[in-house]
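1. coords below, sequence missing:
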């Protein structure tokens, strides 16, 4: 595969194409044998329209939907490297809800989805083979996994926004008895 005029094997070409397209943040670059950013990028591309629609429907006046490309994050006290893709609803007061796809480099075949830091979905790489194969039975399997992921995210986002609304109502009542 050729990315920005340079030849790469298909795995690294996919990563470098993401870097050059801006769908993967360029610094620091992943290790040569690292599959995590490619998995996050591929799944992010598959769920992008769903996340945009889901969060867009939940957006209140004054907030906006933000999306971040694939980038690196550091987890825990040990600062383990992980690769993430993030969508959020934010306003001038901050982020109201954030959805993150995450692959920890220590478990590169495991994709986790969190809503405000709470894991709501997880799947193994094998369940996502259609991202590579892209035809026939595997496509149905991918559709099922994406559907399950979106359903889990929708439930978690709806619950989180209801909690935030209830907190705001309690705060308003405590200020104005």
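-> Sure, I can see it. Computed from a predicted model, the values in this text were never measured in an experiment.
2. Tell me where this protein is predicted with low confidence.
-> Applying pLDDT under 70 to the chain flags the ranges 1, 3-4, 6, 8-33, 125-142, 176-177.
3. centroid residue for this structure?
-> The chain has residue 101 as the residue nearest its centroid, 2.8 Å off, counting by Cα atoms, centre = their mean.
4. That residue is in what secondary structure piece?
-> Residue 101 belongs to strand 94-104 when assigned by DSSP states H and E.
5. where's the nearest residue to the residue nearest to the centre of the chain once chain neighbours are set aside relative to residue 173, distance?
-> Closest residue to residue 101 apart from its sequence neighbours, by Cβ to Cβ, 6 or more residues apart in numbering: residue 85 at 4.4 Å. Quick note: C-beta positions are derived from backbone N, CA and C, even for glycine. In this view, residue 85 and residue 173 are 38 Å apart by Cβ to Cβ, to the nearest Å.
6. ok, the two, which is more surrounded?
-> Just comparing residue 85 and residue 173: by other Cβ atoms under 10 Å the higher neighbour count belongs to residue 85, 26 against 9.
7. mind checking the SS state of that one?
-> strand (DSSP: H, G, I helix; E, B strand; the rest coil).
8. Tell me which residues of the helix or strand that contains residue 41 come out buried.
-> Take DSSP H and E as the rule and residue 41 turns out to sit in helix 36-58. Neighbour-count burial for helix 36-58 flags 36-44, 46-47, 50-51, 54-55, 58 (criterion: 16 or more other Cβ atoms under 10 Å).
9. can you give me the helices in this protein?
-> Here the chain has its helices, by DSSP state H, at 10-21, 36-58, 130-133, 136-175.
10. Describe which strands the strand holding residue 101 pairs with in its sheet and in which direction.
-> Strand 94-104 sits in its sheet next to strand 80-91 (antiparallel), strand 110-115 (antiparallel), going by DSSP bridges.
11. would TSV of the ones you listed with distance to residue 148 be doable?
-> Listed next are the strands paired with strand 94-104 as TSV, based on distance: least, Cβ to Cβ, whole Å:
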stretch	distance to residue 148
strand 80-91	18
strand 110-115	10
